[in-house]
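Enquirer: no sequence for this one, just the structure:
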């Protein structure tokens with residue numbers, strides 16, 4: 001059995017993966033994508049230069065993950081809002097205006113987004129938390145303003161306590177979580193629309209409404 005080589009984040013370079021009949025192999029052994037990043041992998045495969053520059057989370061055995069639909073504001077709204085602002089550091093919180101109606105009928109997602117400008121670069125971060133007190137989904141990317149490309153993007157999950165989530169909901173300040181797990185990473189020249197699609201596929205939202213509850217600086 002071939003051993004899966006992993007980097008310090010537990011990810012495998014996609015260049016080491018062979019695909020035959022839609023199955024993934026490392027050496028002679030079949031391997032399996034983590035279900036959290038299957039949609040991301042499908043998007044990467046549609047853009048060969050991104051697939052070749054990526055790292056992704058693999059297992060020797062197949063795993064399954066079942067989750068309820070999550071309703072919230074898509075991160076594209078946050079990214080568009082924050083990119084329209086001038087230099088500085090901004091944090092915004094987004095939630096559907098009818099979240100109280102959704103509670104009890106579905107999972108409510110809250111998006112916290114943060115953008116920091118530094119020299120020619122922009123650091124964008126987004127956290128998706130839910131009222132299930134489940135894992136927090138996290139996106140991190142670096143944007144080159146001069147070339148209008150993303151030079152780095154990765155996605156991870158972490159765990160926050162109920163107390164931390166309550167604080168995040170009220171203040172928008174995100175403390176460091178526990179159990180940090182990274183699922184994919186791409187370095188190089190990623191066009192902004194491509195990066196947006198990767199982020200959209202990773203963050204677990206099923207609703208595409210663009211209503212939002214609040215935004216604060």
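Expert: Looks like it arrived, so ask away. All figures in this text were calculated on a predicted structure; none of them were measured in a lab. Numbering: from 1, shown residues only.

Enquirer: And stretch 76-88, what's buried?
Expert: Neighbour-count burial for stretch 76-88, with 16 or more other Cβ atoms under 10 Å as criterion, is recorded at 77, 78, 79, 81, 82. C-betas here are computed from N, CA, C, even on glycine.

Enquirer: Specify the local secondary structure of the first one.
Expert: Think residue 77. Assigned with DSSP: H, G, I helix; E, B strand; the rest coil, residue 77 falls in the helix class.

Enquirer: Which stretches in the protein count as helices?
Expert: Under the criterion DSSP state H, the chain contains helices at 38-45, 48-51, 75-83, 99-102, 162-171, 192-202.

Enquirer: how about the nearest residue to residue 177, chain neighbours excluded?
Expert: residue 158 (3.0 Å; Cβ to Cβ, 6 or more residues apart in numbering).

Enquirer: Sorry, wrong one. I was asking about residue 24.
Expert: Using Cβ to Cβ, 6+ apart and skipping the chain neighbours, the partner closest in space to residue 24 is residue 31 (5.1 Å).

Enquirer: Same question for residue 51.
Expert: residue 44 (4.4 Å).

Enquirer: was I right about that neighbour contacting residue 33?
Expert: No - between residue 44 and residue 33 there is no contact under Cβ atoms under 8 Å: 10.6 Å.

Enquirer: Please enumerate the shared neighbours of those two.
Expert: Jointly contacting residue 44 and residue 33 under the rule Cβ atoms under 8 Å, 6 or more residues apart in numbering are residue 56.

Enquirer: Neighbour count for the two, which is higher?
Expert: Taking neighbours as other Cβ atoms under 10 Å, residue 44 and residue 33 compare with residue 44 leading, 24 against 21.

Enquirer: Pull up the gap between that one and residue 24, please.
Expert: Noted for residue 44: a distance of 12 Å to residue 24, by Cβ to Cβ, to the nearest Å.

Enquirer: same check, this time on residue 46
Expert: Look at residue 46 and residue 24: by Cβ to Cβ, they are 16 Å apart.

Enquirer: Around residue 19, how many other residues sit close by?
Expert: Other residues close to residue 19 by other Cβ under 10 Å number 11.

Enquirer: actually residue 192, not the one I typed
Expert: Using other Cβ under 10 Å, residue 192 has 15 other residues around it.

Enquirer: Which residues are in contact with it?
Expert: The contact partners of residue 192, by Cβ under 8 Å, 6+ apart, come to 143, 148, 149, 150.
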